[in-house]
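*Asks:* Turn this into a model:
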Amino acid sequence: MPSRKAYKELLASKWVWKPGKCQCGGSFAAVSWKTCNSRGFGRLFYRCEDCESFKDVMNFSALPTLRWPIVHYWFFLQQWFANSKRPSSEEIARMMGVSGQACSAARRLGEVLLRAEALCAQKTQDSRKLSGLLEVDGTSIRKFVLPGSTTLRYMQYFGALKRGTRCIHLYRLPDADSKSFGKPPPESFARIQKTDFMRQVLPMTPGLGKTCLISDGAPAYLKLCPELKVLHRACCHSKGQFVEHSRIHGLRTEVHTGGIDSCWKLCKAAIPPSVLTKSDGSFNPKIDVYIRSWQWRWENTTCTNLCKKIAQVYLRQDA
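*Replies:* Numbers count the residues shown, from 1 in each chain. A predicted model of the protein is given here:
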């Protein structure tokens, strides 16, 4: 039956697991298809052999328990993790041919998966150190006008991309204000110092020598690099320099920030325009979730089973 097959696939994906003991201490047993259908079409249940209470199989999962046929769960996961570009919950709901409450359930499931991706990205970043050639740069994500003023408040991020890899670290900077509708201020040493970047950069790269930061020449790096005891090479965008050449680790190397600049474009494009900038007077926390979700997807573009990998990391198992 499709429902039984979908359940086996969900078990294999690690998002769902078999039940342990009931609260009463009894063991759970599988319920016949006829009994399951009488309780909810397309859903599967376990029944405690002692207290005879019924439990939906999705009660034993990292996913929300919805009044959905179990095949809908598996179809949703397949579509959600099918490509490196994440579809919206509404798009998957249309493919499933559902609307109304079922569409609301799709949005709820999508929000859970989105938060799971964001958490996995943060956990992976927190567990790593940075070394080698690092392109570094800051960017503004969103802005809004402070009430009753001409001051713009900017949401900004600082990023470090390790060249030759799909390893990128993203750090939320403290919000920055610009008076008279001014331009966003560049990243500063004081604000970068408040992130985990300083702790995660290794001064030496095994087998090469000193770690090297490649920047656009912002003033912050004149103090940041000596503090970190790393090399620094820059192409000063303010002087019209976008590609320079320098010897780093004994090799002639292009000095530019094209890699991190491309990442910023992709990152911003991954935030749906429908996501509001403000929430309760400050920046909408959903924006951070979409940024982390993009980070996870971009770093794992070549993963052949992203559905299983994210479940393993999300549930703190061995990835």
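*Asks:* can you list contacts of stretch 15-30?
*Replies:* With contact meaning Cβ atoms under 8 Å, 6 or more residues apart in numbering, stretch 15-30 is reached by 7, 10-11, 46-51, 53, 55, 57-63, 77, 307, 311. C-beta coordinates here come from the backbone N, C-alpha and C atoms, glycine included.
*Asks:* at 6 Å what do you get?
*Replies:* Outside stretch 15-30, the residues that touch it by Cβ atoms under 6 Å, 6 or more residues apart in numbering are 10, 46-51, 60-63, 311.
*Asks:* Below-threshold pLDDT in the stretch 151-300 of the chain: ranges please.
*Replies:* The stretch 151-300 of the chain contains residues with pLDDT under 70 at 238.
*Asks:* all helices for it, in order.
*Replies:* Ranges of helices in the stretch 151-300 of the chain, per DSSP state H, counting those that start in this stretch, are 189-192, 197-200, 220-228, 258-269, 285-299.
*Asks:* Could you point out which of those sits nearest Phe242?
*Replies:* Each of these has some distance to Phe242 by Cβ to Cβ; the shortest is helix 258-269, at 8.0 Å.
*Asks:* And that closest one, how far out from the chain middle?
*Replies:* Relative to the mean C-alpha coordinate of its chain, helix 258-269 is positioned 15 Å out (Cα atoms, centre = their mean, to the nearest Å).
*Asks:* Okay, and the beta partners of the closest residue to Leu228 other than its chain neighbours?
*Replies:* Leaving aside its chain neighbours, Leu228 sits nearest to Val201 (5.3 Å; criterion: Cβ to Cβ, 6 or more residues apart in numbering). On the basis of DSSP bridges, Val201 is bridged to Leu130.
*Asks:* And Val201, how far from His237?
*Replies:* Val201 is 22 Å from His237, where distance means Cβ to Cβ, to the nearest Å.
*Asks:* Looking at the two, which one has more neighbours?
*Replies:* Taking other Cβ atoms under 10 Å, Val201 and His237 do not tie; Val201 has more neighbours (22 against 16).
*Asks:* rewinding a little: closest one to Val31 among the helices of the stretch 151-300 of the chain?
*Replies:* Short answer: helix 285-299, nearest of these by Cβ to Cβ, at 36.1 Å.
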